[in-house]
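**Student:** Sequence and computational prediction follow.
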Amino acid sequence: MRESELHVADVPQSAGTGAVPAPARIDELVAAAHARGIEDRTGTVADYIPVLAEADPESFGLCVADVDGGLHEVGDSRIAFSIQSISKAFVYALLCEEIGHAEVREIVGVDNTGLAFNSVMAIELNDGHPMNPMVNAGALATTALVPGATPDAQWDRIRDGLSRFAGRSLELDDDVYRSETATNQRNRAIAQLLESYGRIRRDPAEVVDVYTRQCSLLVDARDLAIMGATLADGGVNPLTGEQVVSAAVCRDTLAVLAASGLYEHSGEWLFEIGLPGKSGVAGGLVTVAPGKAGIAAYAPRLDAAGNSVRGQVATAYLSRALGLNIFASDSHYLRKDQP
């Protein structure tokens, strides 16, 4: 989405190098962001997974979780929805913690494909390499690498890890899991193609099943904000105080999100919002301001690339109003004589 579509041309861009503002100010800005987002009624609810089409298109929740544990919520921030592709970021982080930076980079990759999230062409054009963990091919390769002697053991490890990011036990949505299982033929084809290139060394059908389960975990905007804040604060959950992953893993994960988190619109997202983020087709969107906060939105109307429209509008406002854009630049020279 462009600046005019994000409705932020009137919001000054500032460089905020310190901590986020006081809690009352954050609450005020979160409410303002929600008010801006709710006016946008463009986009459509995903229906290629039948159960997702049942979502209320008017639902809209927003939450900011700062690294000190403060939670700032408005709207439908406690409505549960399936995490979908947002799970890719956190499973990738868990895998990096397990097997290390170099091996994950070699097997899964870190480069944007420039093509749709479920592209088969991208695999063929790159000699079977999945390219990055935020597209389906890379996510399947990532899930296949998760330690575990059986698919159930892998699944338990994934659910436990994502629950630690959220600070509470996450549950599977059986309806979403069944609906996705009945319609995931393309993912099964991608997994078989990856197997033919030697990128998956487990039964591809079992890999797809574990991946489908991880996408079917239930979260809400509050959960995603806490998960984002954990990545923002060197892997420490701001509510539980648990070190979920290392600071080095957070750096790797945020770099990949910056490059590929919004699929083929990742460049526009980084240009306009200037923060690492990840979307999911159920309407979730999580954004990370390193060292400061996690921002999460739930709004099921999506743009053509599968990204929440209202979530993007609200996040763009908060990025500017809170001074979070990591590329924003103010003149130190011009400020130095100010009292």
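**Tutor:** Nice, thanks for sending it over. Just so we're clear, the structure is a prediction, and the values are computed from it rather than from any experiment. Numbering: from 1, shown residues only.
**Student:** mean confidence score for the helix or strand hosting L318?
**Tutor:** Here L318 sits within helix 309-321, counting by DSSP states H and E. Here helix 309-321 scores 96 as its mean pLDDT.
**Student:** ok, now stretch 20-32?
**Tutor:** The average pLDDT within stretch 20-32 is 95.
**Student:** same question, stretch 263-282
**Tutor:** Here the average pLDDT along stretch 263-282 is 91.
**Student:** Going by neighbour count, which residues in it are buried?
**Tutor:** 263-266, 268-270, 272-282 (16 or more other C-beta atoms under 10 Å). Quick note: C-beta positions are derived from backbone N, CA and C, even for glycine.
**Student:** One more: stretch 54-61?
**Tutor:** A55, S59, F60, G61.
**Student:** Centre-most residue in the chain?
**Tutor:** Nearest to the mean C-alpha position of the chain, by C-alpha atoms, centre = their mean, lies K278 at 2.5 Å.
**Student:** Test my guess that that residue contacts M134.
**Tutor:** Yes. Proximity of K278 to M134 meets the contact threshold set by C-beta atoms under 8 Å, at 6.9 Å.
**Student:** joint contacts of the two?
**Tutor:** Common neighbours of K278 and M134 (criterion: C-beta atoms under 8 Å, 6 or more residues apart in numbering): S85, K88, A89, L257, G261.
**Student:** among those residues, which are in strands?
**Tutor:** Using DSSP state E, no member of the shared contacts of K278 and M134 sits in strands.
**Student:** Any chance of CSV for the residues you listed, columns neighbour count and distance to A316?
**Tutor:** Shown next, in CSV, are the shared contacts of K278 and M134 (neighbours: other C-beta atoms under 10 Å; distance: C-beta to C-beta, whole Å):
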residue, neighbour count, distance to A316
S85, 24, 20
K88, 30, 22
A89, 29, 20
L257, 29, 16
G261, 30, 15
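**Student:** May I ask which helix or strand of the protein has the lowest mean pLDDT?
**Tutor:** Ranked by mean pLDDT, DSSP states H and E, the helix or strand of the chain with the weakest confidence is helix 121-125, at a mean of 52.
**Student:** right, and the helix or strand after that helix?
**Tutor:** helix 136-145.
**Student:** next structured bit after that next one?
**Tutor:** Later in the chain than helix 136-145, the nearest helix or strand by DSSP H and E is helix 151-166.
**Student:** any idea how far the nearest residue to Q154 once chain neighbours are set aside is from W155?
**Tutor:** Counting by C-beta to C-beta, 6 or more residues apart in numbering, G148 is the residue found nearest to Q154 once chain neighbours are left out, at 3.5 Å. Per C-beta to C-beta, to the nearest Å, G148 is found 8 Å from W155.
**Student:** Perfect, I'm done here.
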